[in-house]
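# Take this sequence and fold it.
(4 chains)
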There are 2 protein chains.
Amino acid sequence: MAATIVATHERATAAERILRAAVVLFRERGYHGSSMRTLARALRMEAASLYYHFRSKQEILFAILDHTLDDLLAGVGRAVASADGPEARLRAAVRFHVLFHTDSQHEAFLSHSELRSLTQGNLRLVLTRRDEYERVFRGLLASGVRAGVFQVADVRLTAMAILTMCTGVATWFADGGRLSPEAIADRYVEMIMKSVKR
Amino acid sequence: MAATIVATHERATAAERILRAAVVLFRERGYHGSSMRTLARALRMEAASLYYHFRSKQEILFAILDHTLDDLLAGVGRAVASADGPEARLRAAVRFHVLFHTDSQHEAFLSHSELRSLTQGNLRLVLTRRDEYERVFRGLLASGVRAGVFQVADVRLTAMAILTMCTGVATWFADGGRLSPEAIADRYVEMIMKSVKR
DNA sequence: TACCGTACCTAACGTACGTTCGTTATGTAA
DNA sequence: TTACATAACGAACGTACGTTAGGTACGGTA
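Below is the predicted model of the structure:
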């Protein structure tokens, strides 16, 4: 499945452990609601020690979002390449998108909710690549329309609707809840295909 | 249309002006990223003066979310009552939901993004009523399924998908952008109806 | 054995936070 | 004129913030 920020199994480096703890903390209390001291406490360190691994709190947030975008772009690329034809490709892309938002739920959530906590320069870097990600979905829809298999009134709007719908999964999904990630992905794929098919 | 927190036209009371400025500020920088001094500056007051109108910063956030839920519940009630039959009712509810998220964009955004900044007691109050709102949509879907006009694999999941999709509008909608609120609402209604119809 | 980089520590810096206090100016009713 | 309510003020409280400086223990390498 989608790679998380770090390999979960091997012995993680200190920087990786910090990023993972920060993801959980930022998700729970938000970037501005989390302090370096709280983050350090979760790692049984002192706040000052964090500065050996990261230059600033902002750099930690940016690293999280940057790695998450790496995974998103690589994952959707793999998904699209694994299928043929607009319909199968959109299915694969949507499926990946949903599964990413359950597997890397917290990272994915932060990638949307904490954009406003980025400095201007970091925000630009993140937004550029997020646009790239969105363009993939617009492209899939457009080629399906050209091929005559999809019927959508507005490609841009539909892409946005699909993405925000799946992105929303990260806000309510609960591990061990009623539905498995696979079941959710399957149903989301069906709903979306039904609504875009000619 | 959906009532905003305060009447926009008449002379607003100080408390109303504070809430409106807080909505904009919290939306831009988040609750924890906004200080009472910054909020006061936006209103050309001193931070201390805010405490004449509100007991605490938390009370300001809660007031915003509480009023927003008032408007949401009242609005969806009106929408549903204005139509007959599961299909027309769902159309009306979705339409209202989308328009609320363009008209009261910032309030709506905060109602989702700043839940985690509420104290435990305030969170409980808000969540209880948000559940009530969600139940309306589940009820509409379920009665459509019973009537044989809808076909959905999982009512709960579909309701969640619909709501988060429309809620997402508040994250990207831009006043004066390419599409009017009405156009967005119309298209969202069509996409959703297409995906739930038998 | 001497040294060096790694990974942490304690202590402190200056700043900003939410909030409280006592005070003041203005308007209104008795 | 007195009395009170309203709505604001400046100053200060104690606490917490992000960050920096300087020091220490340790494991490996020359």
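
# In chain A, what residue spans correspond to strands?
In chain A, no strands are found when defined by DSSP state E.

# Could you report the neighbour count for residue A:84?
Close neighbours of residue A:84, defined as other Cβ atoms under 10 Å in any protein chain shown, add up to 9. For the C-beta atoms, the positions are set from N, CA and C on the backbone; glycine is no exception.

# scratch that, residue A:141
For residue A:141, using other Cβ under 10 Å, the count is 22.

# how about the nearest residue to it, chain neighbours excluded?
Leaving aside its sequence neighbours, residue A:141 sits nearest to residue A:155 (Cβ to Cβ, 6 or more residues apart in numbering or on different chains; 4.8 Å).

# what's the spatially most central residue of chain A in contact with, if anything?
Geometric centre of chain A, nearest residue: residue A:108, 3.3 Å, by Cα atoms, centre = their mean. For residue A:108, the contact set (Cβ atoms under 8 Å, 6 or more residues apart in numbering or on different chains) comprises A:68, A:72, A:100, A:101, A:167, A:170.

# quick one, what contacts the residue nearest to residue A:141?
Here residue A:155 is in contact with A:138, A:141, A:142, A:145 (criterion: Cβ under 8 Å, 6+ apart).

# residue contacts, residue A:137?
With Cβ under 8 Å, 6+ apart, residue A:137 has these contacts: A:90, A:93, A:159, A:162, A:163.

# and those residues near chain B, which?
Taking Cβ under 8 Å from any Cβ of the partner chain as the test, chain B is in contact with residue A:163 out of the contacts of residue A:137.

# Relative to residue A:165, how far out is the residue lying closest to residue A:127 once chain neighbours are set aside?
Leaving aside its sequence neighbours, residue A:127 sits nearest to residue A:115 (Cβ to Cβ, 6+ apart; 7.5 Å). Applying Cβ to Cβ, to the nearest Å, the value for residue A:115 to residue A:165 is 19 Å.

# Not counting its own residues, what contacts stretch A:57-75?
Residues outside stretch A:57-75 that contact it (Cβ under 8 Å, 6+ apart): A:2-5, A:18-19, A:22-23, A:26, A:31, A:36, A:39, A:50, A:54, A:96, A:100, A:104, A:107-108, A:110-111, A:114-115, A:117-119, A:122, A:125-126, A:129-130, A:132-133.

# contacts with DNA strand D among these, please.
When contact is defined as Cβ under 7 Å from any atom of the strand, the contacts of stretch A:57-75 meet DNA strand D at residue A:36.

# Any of the contacts of stretch A:57-75 buried? List them.
By neighbour count, with 16 or more other Cβ atoms under 10 Å in any protein chain shown, those hold A:2, A:4-5, A:18-19, A:22-23, A:26, A:31, A:36, A:39, A:50, A:54, A:96, A:100, A:104, A:107-108, A:110-111, A:114-115, A:117-118, A:122, A:126, A:129-130, A:133 as buried.

# so what's residue A:130 closest to, chain neighbours aside?
residue A:69 (6.7 Å).

# do residue A:158 as well
Per Cβ to Cβ, 6+ apart, closest to residue A:158 is residue A:152, 4.4 Å.

# ok, that neighbour to residue B:187 distance?
Residue A:152 sits 9 Å away from residue B:187, going by Cβ to Cβ.

# interface residues of chain A facing chain B?
Residues of chain A that fall close to chain B, judged by Cβ under 8 Å from any Cβ: A:28-33, A:112-113, A:116-117, A:153-154, A:156-158, A:160-161, A:163-165, A:167-169, A:171-172, A:178-179, A:184, A:187-188, A:190-192, A:194-195.

# if we go to 7 Å?
Counting by Cβ under 7 Å from any Cβ of the partner chain, chain A comes close to chain B at A:28-30, A:32-33, A:113, A:116-117, A:153-154, A:157-158, A:160-161, A:164-165, A:167-168, A:171-172, A:179, A:184, A:187-188, A:190-191, A:194-195.

# Correct me if wrong: residue A:162 contacts residue A:192.
Yes. Using Cβ atoms under 7 Å, residue A:162 is in contact with residue A:192, at 5.6 Å.

# Give the residues shared as contacts by these two.
Counting by Cβ atoms under 7 Å, 6 or more residues apart in numbering or on different chains, the shared contacts of residue A:162 and residue A:192 are residue A:94.
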